[in-house]
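In: below is the structure, and that's it, no one-letter string:
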């Protein structure tokens, strides 16, 4: 663990810390070490599956944003039994308090592709958690790994049923539905046509994201605009 903390200290960059504070305004500046995501990935990959890495996973205090980022990213590089991975992942989730650590961990957790059924069970649990960042984690996992070959249209209706008052969770939902429009248009458009998405902000923000996307045709953008509420 000490080795990784030394890496964090050695790679401190104030200008990046200032930039990260703008990205993640919910985290106090004193908890920013300014390590870039690529550098965090490099450190995580370097120490994953080593004595120092496992020591870090067992004893991390999650004192800074950078410690949390490296912990989450390291999970994507582990060669361990999936039940061990889930134990570490749940430790990470119990300390999750920002959207950045959430999203970069999701995108690096490629094992989900290989074990979709196993992770789907955990997603259902995470979606019921009181912590909105854990809920966001579940949504981003669905976005990253369950809108292609593992797509289940029931996911659309489960997420459409949420009507919460949390900005970062609702933004994740809007992001999910906007990507679902791209990848699963015929099923997803029904949510907008029939006003199935309970949260008005999510409904309209999803459409906005589609309109801003280069992956949505002009014809579809025009139609989606007509469905704003």
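Out: Structure's in. What do you need? Everything numeric in this text was worked out from a predicted model, so none of it was measured. Residues are numbered from 1 along each chain as shown.

In: for residue 191, see how far away the one residue sitting closest to the centre of the chain is.
Out: Nearest to the geometric centre of the chain sits residue 103, at 2.9 Å (Cα atoms, centre = their mean). From residue 103 across to residue 191, the span is 23 Å (Cβ to Cβ, to the nearest Å). (C-beta placed from N, C-alpha, C; glycine too.)

In: biggest helix in this protein by residues?
Out: The helix spanning the most residues in the chain, taking DSSP state H as the definition, is helix 167-183.

In: just to revisit the earlier point, list phi and psi for the residue nearest to the centre of the chain.
Out: Phi and psi for residue 103, reported as degrees, to the nearest 10, are phi -70, psi -40.

In: before we move on, back to that, report all helices and strands that the longest helix of the chain contacts.
Out: Other elements packing on helix 167-183 under the criterion 3 or more Cβ pairs under 8 Å, 6 or more residues apart in numbering; DSSP states H and E are helix 99-108, helix 132-145, helix 153-160, helix 185-193, helix 200-211.

In: tell me the most buried of these?
Out: Counting by mean count of other Cβ atoms under 10 Å, helix 132-145 has the highest mean neighbour count of the helices and strands packed on helix 167-183, with a mean of 23.

In: quick check: mean pLDDT of it?
Out: Mean per-residue pLDDT for helix 132-145: 98.

In: what of stretch 205-220?
Out: For stretch 205-220, mean pLDDT rounds to 97.

In: that older thread, can you lay out the helices and strands packed on helix 167-183 as TSV showing distance to residue 123?
Out: Listed next are the helices and strands packed on helix 167-183 as TSV, based on distance: least, Cβ to Cβ, whole Å:
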stretch	distance to residue 123
helix 99-108	11
helix 132-145	5
helix 153-160	9
helix 185-193	18
helix 200-211	18
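
In: looking at those, spot the one closest to residue 25.
Out: Closest approach to residue 25 among the helices and strands packed on helix 167-183 (Cβ to Cβ): helix 99-108, 10.3 Å.

In: beyond that closest one, next helix or strand please.
Out: Next helix or strand after helix 99-108 toward the C-terminus (DSSP states H and E): helix 111-114.

In: buried sites along that next one?
Out: 111-112 (16 or more other Cβ atoms under 10 Å).

In: report the next helix or strand after it in sequence order.
Out: Later in the chain than helix 111-114, the nearest helix or strand by DSSP H and E is helix 116-126.

In: which elements pack onto that next one?
Out: Using 3+ Cβ pairs under 8 Å, 6+ apart, the elements in contact with helix 116-126 are helix 82-94, helix 132-145.
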